[in-house]
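Colleague: The following block contains a protein sequence and its predicted model.
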Amino acid sequence: EQPLANKLLEHLQHFQDSAKLINSNIYRSGEEPLIAASIVNIFQLLPNVHTMLEPLVDVTLALESDLVSFKRFNEAFSPYKVPLTIYLSNHAELATKFFLDHTRLGKTKYSAFFVSMLKLPEAKPIRDYLSSKEGTKLLLGISLGTALAIAKHDDNRPGDDKEGGGTSEEENGKIFDPLKTRHGVPSAPSWGPKHTRSSASQEQLDVKVKAAMEKVEVAKEKHKGMKLALQSAISNASKTNPGDPDTNVRTAQEEERKTKSTLEDAQKAARLANDTLEASKSFALASSTYALICEDKTPPEATVMTLDSLEWMYQGLRIYGILMESDESYVTMSYHEDVFHAMRILWRSKGRQVRLANEEIMLHNFKLESKLLAECLVRFASQHPEDVELLFDLLDVFQHQTVVDFTFVKVFFQHTVSSVLESRHKKSVLHRFFKGLVDKDTSEDEKVHAMQMLILPMLETTLEAEKEMYGFGGLQLPNPTEETKEGNNNSSSGGGGPQKNQLKW
């Protein structure tokens, strides 16, 4: 099957040159992508072709990116997505580890396809693997590992907003430059697309260093050769005409100086490239050590939220949202408790607060961090009404001025207090609210939003449901109409028996 798979892949590569393919008129106009998709579909029928996963994905994504060259097709309506998804689902574990590799998850080419693919019915085996214990650990480590390490470090250093001796940008500002840097807030607005970011990626810097070192080796070889040529020229000149260097010697000396100068320039360029790479590594330490961070082997104070770390977290939260939407039981599985515990840590973390407070200079994707987290936590809270503390945590979204729409949280509160919370849950909410009223660490905004979003709607719902009751189930008032009827009956009967209409507790 391997030779056949190689032939199919080779034939598939011919479809990458769309201009040549269209001009050849081999296929009906506009049907070329359908032919290529049929070839991709054959791979699911071949056994033992898991080794073709990477080249097949790369070729298919290249074909998908060129769909605009053909009529009726684009990346949103791709004929390649379903057949490739079926093939990947046949190798769910391998496919998941391929896309969740830290060098790919941060690249839009791979992450965009993976996230959109997970929404397809054909991707159920991959979703099932991601929901398994092994898949949960893998996704949690790469997507939230760095942010969790920093949040854990911040919890161990309470009140340390001025770390590194930073100075505030405003007189009364609470966000300091060192703090913003560690939590991934750029020093300048990041409104442009991802490829316009000022900092080069690790991969690009690695390529530059490698190219510079290759130039150094070439220059060394040339310089070494010219030194030997110079020594040979000097030796020959001393034998034929001692004390009077000939033209060959002077030429060799000149060439040796040129090669030496070239070597020095190459070494200087290599040092500059290497210094740039090392500086990037020191800033992006989390990028190369995310696995160690998850195992608490990397010093948290050395980690920062890099662009890669933010991208991993963004894509991971999107994946979690898809998993919860496609399987309602996800939030009830015992081995997913670590996921929601991690999300609550991130929700309460200083890093999220810093990024939310500086959302105007964050990239668009990263502005959605709080919304994606809130959506996941809302799903969890809807299945765990006894966790009233989470309700008060979610109130945080209303304490910030933001361009993100959190109406869904307000709707969730309205539905929860009216239809979900039982009497015991409501008592817990009231106890938690009164506890916050006397807590000096609870801000006035928190108290006001708790009153508006939770307490008043809860009281209104309860009183509406028990409108014939006085208070919370105390005195039951008589019905005036029934009282009149019963009074007339008693009068007509002339009986002096006990009154039926009494106040009841």
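Modeller: Received the coordinates, thanks.

Colleague: Quick check: phi and psi on Cys376?
Modeller: Backbone geometry at Cys376, expressed as degrees, to the nearest 10, gives phi -70, psi -40.

Colleague: and the gap between it and Leu363?
Modeller: 21 Å (C-beta to C-beta, to the nearest Å). From N, CA and C alone the C-beta is placed, and that goes for glycine too.

Colleague: so Gln2 touches His50, yeah?
Modeller: No: counting by C-beta atoms under 8 Å, Gln2 stays clear of His50, with 10.8 Å between them.

Colleague: With only the CA atoms kept, save the helix or strand harbouring Asp58 in PDB.
Modeller: For Asp58, the element it lies in under DSSP states H and E is helix 53-65. Taking C-alpha atoms only, helix 53-65 is exported to PDB below (Å, rounded to 0.1, in the frame of the first residue of the first chain):
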ATOM      1  CA  LEU A  53      -0.200  11.800   7.700                       C
ATOM      2  CA  GLU A  54       2.200  14.800   7.700                       C
ATOM      3  CA  PRO A  55       2.800  15.000   3.900                       C
ATOM      4  CA  LEU A  56      -0.900  14.400   3.200                       C
ATOM      5  CA  VAL A  57      -1.900  17.200   5.600                       C
ATOM      6  CA  ASP A  58       0.600  19.600   4.200                       C
ATOM      7  CA  VAL A  59      -0.300  19.000   0.600                       C
ATOM      8  CA  THR A  60      -4.100  19.200   1.400                       C
ATOM      9  CA  LEU A  61      -3.700  22.400   3.300                       C
ATOM     10  CA  ALA A  62      -1.700  23.900   0.400                       C
ATOM     11  CA  LEU A  63      -4.500  22.900  -2.000                       C
ATOM     12  CA  GLU A  64      -7.100  24.300   0.300                       C
ATOM     13  CA  SER A  65      -5.300  27.700   0.500                       C
END
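
Colleague: Contacts for the following helix or strand past that helix, please.
Modeller: Proceeding N to C from helix 53-65, the next assigned helix or strand is helix 81-89, under DSSP H and E. Helix 81-89 is contacted from outside by 37-38, 40-41, 43-44, 53, 56-57, 60, 64, 95, 113, 116-117, 120, 122-126, using C-beta atoms under 8 Å, 6 or more residues apart in numbering.

Colleague: I'd like the mean pLDDT over helix 81-89, please.
Modeller: Average pLDDT, helix 81-89: 94.

Colleague: how far out from the middle of the chain is that helix?
Modeller: Distance of helix 81-89 from the chain centroid (C-alpha atoms, centre = their mean, to the nearest Å) equals 23 Å.

Colleague: For the helix or strand just after that helix, buried residues please.
Modeller: Next along the chain after helix 81-89, taking DSSP H and E as the criterion, comes helix 92-99. Of all the residues in helix 92-99, those buried under the rule 16 or more other C-beta atoms under 10 Å are Ala92, Ala95, Thr96, Phe98, Phe99.

Colleague: count of neighbours near Tyr87?
Modeller: Tyr87 is flanked by 25 other residues according to other C-beta atoms under 10 Å.

Colleague: list the contacts for the residue nearest to Met453 when sequence neighbours are not counted?
Modeller: Once flanking residues are discounted, Met453 sits nearest to Phe413: 4.8 Å by C-beta to C-beta, 6 or more residues apart in numbering. Shown in contact with Phe413 (C-beta under 8 Å, 6+ apart): Leu391, Leu394, Met453, Leu454, Pro457.

Colleague: from those, which two are the most distant?
Modeller: Put simply, by C-beta to C-beta the two of the contacts of Phe413 set farthest apart are Leu394 and Pro457, 14.1 Å from each other.

Colleague: Of these two, which one has the most company?
Modeller: Just comparing Leu394 and Pro457: by other C-beta under 10 Å the higher neighbour count belongs to Leu394, 22 against 17.

Colleague: Without its sequence neighbours, what residue ends up closest to the more buried one?
Modeller: Val409 (5.7 Å).

Colleague: For that neighbour, give its distance to Val249.
Modeller: 84 Å.

Colleague: again with Leu307
Modeller: 56 Å.

Colleague: One more: His223?
Modeller: Taking C-beta to C-beta, one finds His223 at 17 Å from Val249.

Colleague: just to revisit the earlier point, export the contacts of Phe413 as CSV, with columns for secondary structure.
Modeller: Supplementary listing: those in CSV, determined by DSSP: H, G, I helix; E, B strand; the rest coil:
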residue, secondary structure
Leu391, helix
Leu394, helix
Met453, helix
Leu454, helix
Pro457, helix
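
Colleague: Low-confidence bits of this protein, can you list those?
Modeller: For the chain, the stretches with pLDDT under 70 are 1, 74-76, 155-177, 187-206, 239-246, 275-302, 468-505.

Colleague: and the residue nearest the centre of it, what does it touch?
Modeller: Centrality entry for the chain: nearest residue to the mean C-alpha point is Tyr314, 1.8 Å, by C-alpha atoms, centre = their mean. Shown in contact with Tyr314 (C-beta under 8 Å, 6+ apart): Asn365, Phe366, Leu368, Glu369, Leu372.

Colleague: In helices only, show me the residues you listed.
Modeller: Among the contacts of Tyr314, DSSP state H puts Asn365, Phe366, Glu369, Leu372 in helices.

Colleague: and these as CSV, adding neighbour count and distance to Asp338?
Modeller: Formatted as CSV, the ones in helices among the contacts of Tyr314 follow (neighbours: other C-beta atoms under 10 Å; distance: C-beta to C-beta, whole Å):
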residue, neighbour count, distance to Asp338
Asn365, 16, 25
Phe366, 19, 24
Glu369, 24, 19
Leu372, 19, 18
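
Colleague: I'd like these as JSON lines, with distance to Ser428 appended.
Modeller: Listed next are those as JSON lines, based on distance: C-beta to C-beta, whole Å:
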{"residue": "Asn365", "distance to Ser428": "37"}
{"residue": "Phe366", "distance to Ser428": "35"}
{"residue": "Glu369", "distance to Ser428": "29"}
{"residue": "Leu372", "distance to Ser428": "27"}
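
Colleague: List just the nearest of these to Gln267.
Modeller: So of the ones in helices among the contacts of Tyr314, ranked by how close each gets to Gln267 (C-beta to C-beta), first place is Phe366, at 39.2 Å.

Colleague: so that closest one touches Gly184, yeah?
Modeller: Yes: with contact defined as C-beta under 8 Å, Phe366 reaches Gly184; the gap is 7.4 Å.

Colleague: joint contacts of these two?
Modeller: Leu310, Arg355.

Colleague: about what we covered before: just put the contacts of Tyr314 in a markdown table and tack on distance to Thr402.
Modeller: Below are the contacts of Tyr314 laid out as a markdown table (distance: C-beta to C-beta, whole Å):
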| residue | distance to Thr402 |
| --- | --- |
| Asn365 | 15 |
| Phe366 | 13 |
| Leu368 | 11 |
| Glu369 | 11 |
| Leu372 | 13 |
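
Colleague: out of the residues you listed, which one sits closest to Ser131?
Modeller: Of all the contacts of Tyr314, Ser131 sits closest to Leu372, with 17.9 Å by C-beta to C-beta.

Colleague: check contacts around that closest one.
Modeller: So Leu372 contacts Tyr314, Leu317, Arg318, Tyr320, Gly321 (C-beta under 8 Å, 6+ apart).

Colleague: who wins for neighbours among these?
Modeller: That'd be Tyr320 among the contacts of Leu372, by other C-beta under 10 Å, with 26 neighbours.

Colleague: okay but it is in contact with Cys376, surely?
Modeller: Yes: using C-beta under 8 Å as the test, Tyr320 is close enough to Cys376 to be in contact (5.5 Å).
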